[in-house]
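**Q** Output the structure for:
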Amino acid sequence: MKFSSIIASTILAFASSSTAIPSPIPQITIRIFNDMTGANAEATIPADGIPRSIPDLFRGTSIDSKDGIIGTSAQLTKFSDTTKCSLTNLNAQNWVIELDGRAKNFVDLDGDVSKAVPIWLGGFTFQCPQA
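**A** Numbers count the residues shown, from 1 in each chain. Purely as a prediction, here's the structure:
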């Protein structure tokens with residue numbers, strides 16, 4: 001009887017300590033397309049809420065041109081249902097493009113889905129808070 005109480009106590013101790021172990025931060029991948037040239041590239045960031053510069057993420061990729069990072073649309077390609085992210089233009093007040101893992105994992109960067117308009121992404125950041 002005493003032996004089974006010790007085992008039960010040990011199991012409870014391990015179970016309660018395992019819930020205290022932090023889960024790894026999810027990784028989110030975004031792909032940016034330039035539908036005018038056919039170029040596209042992707043970058044992966046941790047879902048830690050820290051804004052990351054689009055030029056830093058995509059420097060040297062196929063969407064990096066002599067004019068800077070240019071894109072027409074973006075898509076989350078690695079994410080979960082609870083993912084919520086944003087592309088924010090720091091040069092234009094209130095220009096925030098929301099993405100999420102359920103209803104909006106593909107966006108047109110200029111907001112007009114009827115035509116591909118190249119957008120300079122030099123002032124944009126990408127971030128995803130942990131869900």
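**Q** helix/strand/coil for the most centrally placed residue in the chain?
**A** Centroid-nearest residue in the chain: residue 28, 4.1 Å away (criterion: Cα atoms, centre = their mean). Put simply, residue 28 is strand when judged by DSSP: H, G, I helix; E, B strand; the rest coil.
**Q** Only the buried residues of stretch 51-64, if you could.
**A** By neighbour count on 16 or more other Cβ atoms under 10 Å, the buried set for stretch 51-64 is 52, 53, 54, 55, 57, 58, 63, 64. All C-beta atoms are positioned from the backbone trio N, CA, C, and that covers glycine.
**Q** Kindly present the residues you listed as CSV, with separate columns for distance to residue 102.
**A** What follows is these, written out as CSV (distance: Cβ to Cβ, whole Å):
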residue, distance to residue 102
52, 23
53, 27
54, 23
55, 29
57, 24
58, 25
63, 26
64, 31
